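Engineer: Provide a 3D model corresponding to the input given below.
(2 chains)
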Protein chains: 2
Amino acid sequence: MNLDIYKNLKRSNRELINLNPIQRGGILPVEAKKAIYEFWDGYSVCDFCSGRLDQINTPPVCKFLEDLAEFLNMDLARLTHGAREGKFVIMNSICKEGDYVVLDKNAHYTSYVAAERAKLNVAEVGYLEEYPTYKINLEGYKEVIDNLEDKNKSIGLILLTHVDGNFGNLNDAKKVGKIAKNKGIPFLLNCAYTVGRMPVDGKEVKADFIVASGHKSMAASGPIGVLAFNDEFSEKITKTSERFPIKEVEFLGCTSRGLPLITLMASFPYVVERVKKWSEEIEKTRYVVESLEEIGFKQLGVKPKEHDLVKFETPILDEIANRDKRRGYFFYDELKKRGIVGIKPGVTKEIKISVYGLEWEQVKYVVNSIREIVDKYA
Amino acid sequence: MNLDIYKNLKRSNRELINLNPIQRGGILPVEAKKAIYEFWDGYSVCDFCSGRLDQINTPPVCKFLEDLAEFLNMDLARLTHGAREGKFVIMNSICKEGDYVVLDKNAHYTSYVAAERAKLNVAEVGYLEEYPTYKINLEGYKEVIDNLEDKNKSIGLILLTHVDGNFGNLNDAKKVGKIAKNKGIPFLLNCAYTVGRMPVDGKEVKADFIVASGHKSMAASGPIGVLAFNDEFSEKITKTSERFPIKEVEFLGCTSRGLPLITLMASFPYVVERVKKWSEEIEKTRYVVESLEEIGFKQLGVKPKEHDLVKFETPILDEIANRDKRRGYFFYDELKKRGIVGIKPGVTKEIKISVYGLEWEQVKYVVNSIREIVDKYA
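Structural biologist: All right, here's what the predicted structure looks like:
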């Protein structure tokens, strides 16, 4: 066993401009980094625990959960290990084996996998249009539900992906919330790409459950997630053990502790502030789209952009790759030379990027760098 | 919402001598702290991921899982969010609803709660003796299994707590391993308090599954756990999604990423070394027991100690508490004055401590401090 490979673990992408949409929302502010020095040992948040994570007062976990619920305009909140684990908690506690989960065709793979793990079936709501917008037919939820009901299938949950990770399309959650209420089916909004980046109001969209991701969009190290829910479902979700009456079964007693939790808490004031500046982020994103479409990129997904995650078709990069001896890696290589990372190495047909949280100067640098690379090789 | 409470989060127990057995094995070595600076942003370990956490080469996650399996002498390993989550993965994938889990009466509460979440029943193997040793009757596994079989109950899993968190009793796992093999029932050894502190050899004890805890005993920030298992059960545990064939269902695709994983990896060489010095830790523990029994403490659990977690009956502290105006808090208070923490505030009838990983000088300082407090007030 060569243990030397674990010594001096370095991250080559550190301090570079990272365009990976999955990583831009999880970059720590300095406040969170400072808290890490205090709490890096295992079980450090448990110094003053009397048996329940959600009731710890030092550090203020208990108050934090109240504040998270308020931030999302929901009744209650719990910590999970991530959005996927939150979805599984809901499915496992609210649905019964064989139930259907009705979800959108842009749902994250973990929505399907969580359903599979909870032994549930899925029924998909398709697109209003496929290429190039891949816009979900939100009214289609009605039809899918009606069809299942006609076949006497039991529907346990309606799930909508608030913003998907493929096209960055923002769905009008309220529409689905209304359908869910009319049908009397519990409604889960997957906000892994929204909560912590943009304002989300659970009651406004009639969500029964919201899952969010600390590492994806709440400036936390992670893995950590938030599960917020309404009183109506509290009994099922927070059911306690028969033998250990203070331990919540679905959370196996306690979930996320340590640095994931500490960074989520320490970043919270910063996150509360940054969601207020969402319109500026949209402005940056639209600037990027406009600039890159001028050099031959084509934005996929709904236009104009309402989220920072952008997918482009990039035939111009593909053309260059066919001629360059580095093949598809030329683009990754050229960006890296300019201190920019986060593009999948070797891929040139389509790229996904985000400039979320970058300064305007950096955004312009990114656009100019890409323009320069295309100019140089096209 | 008062966001100021999340600013400058401090840990009052930092840098003090911490006797809490749950925390002593999770203290980070400097190597892990250094790696934190590199990887503190969310999804940082995913820079070069192509869809599976267990196949990431930079940082060397893939090799790490192989090394973990080798370290435990098991065939395969996966990361979980903790030992409890590992137990749930096994129960949910190996057992079927209503099955019995046969476990020891000293099992951690999460063993029961994981079974409850997986909709399983539990049957307990009791003590050979209750007070004062609370030694588990390992041969009793046979009887409990026979009884269940006589009643035509389906037994899905045998679970043994290698060392329990209440008395710190070390069980002879091989005995139960043999019983499990004879009966043909899968055998899970919960090593949350052993793997990372002392040597554990999975094949030697005939374990089919081992769960371990990064934050409890492997010098990691956590939450993170290891689930090691043998080939025979690989198909069930690592079953992949029908729709997403590279994603493992029981792990919801990916589990622990970020700082929990980075600290576990960076600490691994340190952990591999420290388990070799286990006999010295036992020596320290026995010295503490001997010294404190001289001043009226009484060690509970099996004697002589074979693990660092010690539970004492402390009638002498209780006597003092009855007279002191601080009541039970006097002991916590007096220790804290001396830079020692980790004793439950207010509790004086019984205390749990560990000196695991402390220098001999510190161990002696702890013993002398306790002696001094008792001398002063008794």
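Engineer: Need the nearest residue in space to the residue of the stretch 201-350 of chain A found nearest chain B, chain neighbours excluded.
Structural biologist: Going by CB to the nearest CB, chain B is nearest to A:His215 of the stretch 201-350 of chain A, at 3.2 Å. (Glycine included, C-beta is placed from N, CA and C.) Among residues not flanking A:His215 along the chain, A:Gly222 sits closest, at 2.5 Å (CB to CB, 6 or more residues apart in numbering or on different chains).
Engineer: check contacts around that neighbour.
Structural biologist: With contacts defined as CB atoms under 8 Å, 6 or more residues apart in numbering or on different chains, the neighbours of A:Gly222 are A:26, A:82, A:213-216, A:260, A:263-264, B:42-43, B:257-258.
Engineer: which one among those gets closest to A:Glu293?
Structural biologist: Checking these against A:Glu293 by CB to CB gives A:Lys216 as the nearest, at 26.7 Å.
Engineer: Correct me if wrong: that closest one contacts A:Asn20.
Structural biologist: No - if you go by CB atoms under 8 Å, A:Lys216 and A:Asn20 don't touch, sitting 10.9 Å apart.
Engineer: about what we covered before: mind checking how far the residue nearest to A:His215 is from B:Glu313?
Structural biologist: For A:Gly222, the distance to B:Glu313 equals 42 Å [CB to CB, to the nearest Å].
Engineer: returning to what we had before: between A:Lys216 and A:Asn20, tell me which one has more neighbours.
Structural biologist: Shown here are A:Lys216 and A:Asn20; by other CB atoms under 10 Å in any protein chain shown, A:Lys216 has more neighbours (29 against 19).
Engineer: which residue sits closest to the more buried one in space, ignoring its chain neighbours?
Structural biologist: Per CB to CB, 6+ apart, closest to A:Lys216 is A:Ala192, 5.0 Å.
Engineer: cool, and A:Ala180?
Structural biologist: Distances taken as CB to CB, 6+ apart place A:Phe187 nearest to A:Ala180, at 3.6 Å, with adjacent residues excluded.
Engineer: So in terms of bridging, what pairs with the one you found?
Structural biologist: Beta-bridge partners recorded for A:Phe187 (DSSP bridges): A:Ile158.
Engineer: tell me the contacts of the closest residue to A:Gly26 other than its chain neighbours?
Structural biologist: Distance criterion CB to CB, 6+ apart; nearest residue to A:Gly26, sequence neighbours excluded, is B:Gly42 at 2.1 Å. Contact analysis of B:Gly42 by CB under 8 Å, 6+ apart lists A:23, A:25-28, A:214-216, A:219-222, B:258.
Engineer: Can you tell me which one of those sits lowest on pLDDT?
Structural biologist: Lowest in pLDDT among those is A:Gly222, which has 90.
Engineer: picking that back up, my read: the residue of the stretch 201-350 of chain A closest to chain B touches B:Arg257, true?
Structural biologist: Yes - the criterion here is CB under 8 Å, and A:His215 meets it with B:Arg257 at 7.2 Å.
Engineer: more neighbours, these two?
Structural biologist: Taking other CB under 10 Å, A:His215 and B:Arg257 do not tie; A:His215 has more neighbours (31 against 27).
Engineer: And the strands in the stretch 51-200 of chain A, which stretches?
Structural biologist: A:76-80, A:100-104, A:121-125, A:127-129, A:135-136, A:155-161, A:187-190 (DSSP state E, counting those that start in this stretch).
Engineer: which neighbours does the third one have in its sheet, and in what orientation?
Structural biologist: When you say that, I think you mean strand A:121-125. Its sheet considered, strand A:121-125 pairs with strand A:100-104 (parallel) by DSSP bridges.
Engineer: So what's the gap between the partner strand and the chain middle?
Structural biologist: The chain centroid and the centroid of strand A:100-104 are separated by 18 Å under CA atoms, centre = their mean, to the nearest Å.
Engineer: Touching it from outside, list them.
Structural biologist: With CB under 8 Å, 6+ apart as the test, strand A:100-104 has contacts from A:91, A:95, A:111-112, A:115, A:120-125, A:136, A:141, A:144-145, A:148, A:153-161, A:164, A:171, A:185.
Engineer: what angle do it and strand A:155-161 make?
Structural biologist: Counting by axes from the mean of the first three to the mean of the last three CA atoms, to 10 degrees, strand A:100-104 lies at 20 degrees to strand A:155-161.
Engineer: show me the contacts for the residue minimising distance to the centre of chain A.
Structural biologist: Geometric centre of chain A, nearest residue: A:Ala192, 2.3 Å, by CA atoms, centre = their mean. Taking CB under 8 Å, 6+ apart, we find A:Ala192 in contact with A:Ala83, A:His108, A:Gly165, A:Val211, A:Ala212, A:Ser213, A:Lys216, A:Ser217, A:Gly225.
Engineer: pLDDT wise, what is the residue lying closest to the second one once chain neighbours are set aside at?
Structural biologist: Spelled out, that is A:His108. The shortest distance from A:His108 to any non-neighbouring residue, by CB to CB, 6+ apart, is to A:Gly165 (5.8 Å). We have a pLDDT of 98 for A:Gly165.
Engineer: cool, A:Gly86 as well?
Structural biologist: The model's pLDDT for A:Gly86 equals 98.
Engineer: same deal with A:Arg14?
Structural biologist: What the model reports as pLDDT for A:Arg14 is 85.
Engineer: burial of the closest residue to it other than its chain neighbours, as a residue count?
Structural biologist: Once flanking residues are discounted, A:Arg14 sits nearest to B:Glu38: 5.8 Å by CB to CB, 6+ apart. Here the number of neighbours of B:Glu38 (other CB under 10 Å) works out to 18.
Engineer: what do you get for A:Gln55?
Structural biologist: Residues near A:Gln55, counting by other CB under 10 Å, number 12.
Engineer: hang on, it packs against A:Cys62?
Structural biologist: Yes - the criterion here is CB under 8 Å, and A:Gln55 meets it with A:Cys62 at 5.3 Å.
Engineer: Spit out the contact partners of A:Trp40.
Structural biologist: Residues near A:Trp40 by CB under 8 Å, 6+ apart: A:Gly258, A:Leu259, B:Leu28, B:Ala32, B:Lys33, B:Ile36, B:Ser221, B:Leu259, B:Thr263.
Engineer: coming back round to it: going through the contacts of strand A:100-104, which ones are buried?
Structural biologist: A:91, A:95, A:111-112, A:115, A:120-122, A:124-125, A:136, A:141, A:144-145, A:148, A:153, A:155-161, A:164, A:171, A:185 (16 or more other CB atoms under 10 Å in any protein chain shown).
Engineer: quick one: stretch A:369-378 to chain centroid distance?
Structural biologist: Centroid separation for stretch A:369-378 versus its chain: 31 Å, with CA atoms, centre = their mean.
Engineer: Dump it to CSV, restricted to CA.
Structural biologist: Only the C-alpha atoms of stretch A:369-378 are listed here, as CSV (Å, rounded to 0.1, in the frame of the first residue of the first chain):
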residue,chain,number,x,y,z
SER,A,369,-10.7,34.8,-23.2
ILE,A,370,-13.2,32.5,-25.0
ARG,A,371,-13.4,35.1,-27.9
GLU,A,372,-9.7,35.2,-28.1
ILE,A,373,-9.3,31.4,-28.3
VAL,A,374,-12.0,31.2,-31.0
ASP,A,375,-10.5,34.0,-32.9
LYS,A,376,-7.0,32.5,-32.7
TYR,A,377,-8.0,29.1,-34.0
ALA,A,378,-11.1,29.5,-36.1
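Engineer: related to what we said a few turns ago, does the residue nearest to A:Arg14 really touch A:Lys10, like I thought?
Structural biologist: Yes - the pair B:Glu38 / A:Lys10 is scored as a contact, 5.6 Å apart, by CB under 8 Å.
Engineer: still on that earlier bit, would it be right to say that the residue nearest to A:His215 lies in a helix?
Structural biologist: No - counting by DSSP: H, G, I helix; E, B strand; the rest coil, A:Gly222 is not found in a helix; it is coil.
Engineer: Could you report the pLDDT at A:Lys303?
Structural biologist: The model's pLDDT for A:Lys303 equals 98.
Engineer: From chain B, how far out is the nearest residue to it once chain neighbours are set aside?
Structural biologist: What sits nearest to A:Lys303 in space, not counting adjacent residues and going by CB to CB, 6+ apart, is A:Thr133, at 7.2 Å. Using CB to the nearest CB, to the nearest Å, A:Thr133 is found at 23 Å from chain B.
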